[in-house]
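show me how the following folds:
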Amino acid sequence: MFVRRALSKESQDRVRDLLDTGVGDDEISRRSGVGRATVRRWRRRGFPTPTVPVTFQPERWGADRRRTYAYLLGQYLGDGCVGLLGESSSLVLACDARNRLIIEECCEAIAEFAPNPPALAPPPDTKGTRIVSYWAGWRLMFPQHGPGKKHEREILLEGWQQAIAEEFPKALIRGLIHSDGSRCLNMFTVELKDGPRQYSYPRYFFTNYSADIRRIFCEACDRVGVRWSRSNWRNISISHRRSVALLDGFVGPKG
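Purely as a prediction, here's the structure:
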């Protein structure tokens, strides 16, 4: 796994001073000795958070923080990653830029734990955006991080994560659907005596390549009484009327 070299505070201060003068990235890189890509990243996403001792005691979190973590866990499992940056780390969540309410909720959830607010980094020529947060605690918050794609390695929840998932399954489901789920209308036509008639009904999908993450989603659905089925190897479908209504009651923006 590629890990960026941690740069000194002096290097960051030189770049910060040059950014204030309005000089371009190439010139800042030449004067400071910091790579152009790093200068560009700092300009867009902000500077890495200084490494400070992290107090990590999830067993002492109150109910609101545990609920927020369950939502953030769903976002991470669905479409997030943790990168190791020397002694610090970064959390990156991929979102649809059009879902402003979901982006706001993700930023608020991150702010519940990280000392500095996250930054938005829209990839060019896409309809998406990335929510980026630098904090040494992310590697502890999501111990499932590792090299490669999540569906290519085993994803198992730690005991404390499993306890939160069982306590707040609705928040976990919201995070999973907000990241890797959808709600749509299923259309079909029935031939009747007086001619064809079109019908429609709402349906939720959760799509993920990881069997472990699909299992986590299905277990959370079982806990709240949501009936699900497998449409194919990567899609979980919820089409039962009462189950759709139940999800509509707490999923939110994607509903």
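
drop to CA atoms for contacts and neighbour counts, all remaining ones
Noted.

give me phi/psi at residue 162?
phi -60, psi -40 (degrees, to the nearest 10).

quick one, helices of this protein?
All helices of the chain, identified by DSSP state H, fall at 9-20, 25-32, 36-45, 63-79, 100-111, 138-141, 159-167, 169-180, 211-224, 241-248.

can you tell me which of the ones you listed is most buried?
Stretch with highest mean neighbour count among the helices of the chain: helix 169-180 (a mean of 25; mean count of other Cα atoms under 10 Å).

from residue 130, how far off is residue 94?
5 Å (Cα to Cα, to the nearest Å).

ugh, typo on my part, it should be residue 162
Taken as Cα to Cα, the span from residue 162 to residue 130 is 27 Å.

same check on residue 30?
As judged by Cα to Cα, residue 30 and residue 130 stand 28 Å apart.

lowest confidence element among the helices and strands of this structure?
strand 181-192 (a mean of 79; mean pLDDT, DSSP states H and E).

the residue at minimal distance from the centre of the chain: what's it in contact with?
For the chain, the residue lying nearest the average C-alpha position, counting by Cα atoms, centre = their mean, turns out to be residue 75 (3.2 Å). Going by Cα atoms under 8 Å, 6 or more residues apart in numbering, residue 75 touches 93, 175-176, 178-179.

list just the nearest of these to residue 216.
Using Cα to Cα, residue 176 comes nearest to residue 216 of the contacts of residue 75, at 9.6 Å.

give me the pLDDT for the residue nearest to the closest one when sequence neighbours are not counted.
Leaving aside its chain neighbours, residue 176 sits nearest to residue 74 (4.3 Å; criterion: Cα to Cα, 6 or more residues apart in numbering). Looking at residue 74, its pLDDT is 98.

ok, residue 74 to residue 179 distance?
Residue 74 is 7 Å from residue 179, by Cα to Cα.

now swap in residue 130 and tell me
Look at residue 130 and residue 179: by Cα to Cα, they are 12 Å apart.

okay, and the common contacts of the two?
94-95.

I'd guessed residue 54 sits against residue 137; true?
Yes - counting by Cα atoms under 8 Å, residue 54 does reach residue 137; the two are 6.0 Å apart.

surely residue 36 and residue 43 touch.
No - counting by Cα under 8 Å, residue 36 does not reach residue 43; the two are 10.5 Å apart.

coming back round to it: what residues are up against the residue nearest to residue 176?
Counting by Cα under 8 Å, 6+ apart, residue 74 touches 171-177, 179.

and with 7 Å instead?
Listed by Cα atoms under 7 Å, 6 or more residues apart in numbering, the contact set of residue 74 reads 172-173, 175-176.

what do you get for residue 165?
Shown in contact with residue 165 (Cα under 7 Å, 6+ apart): 70, 172.
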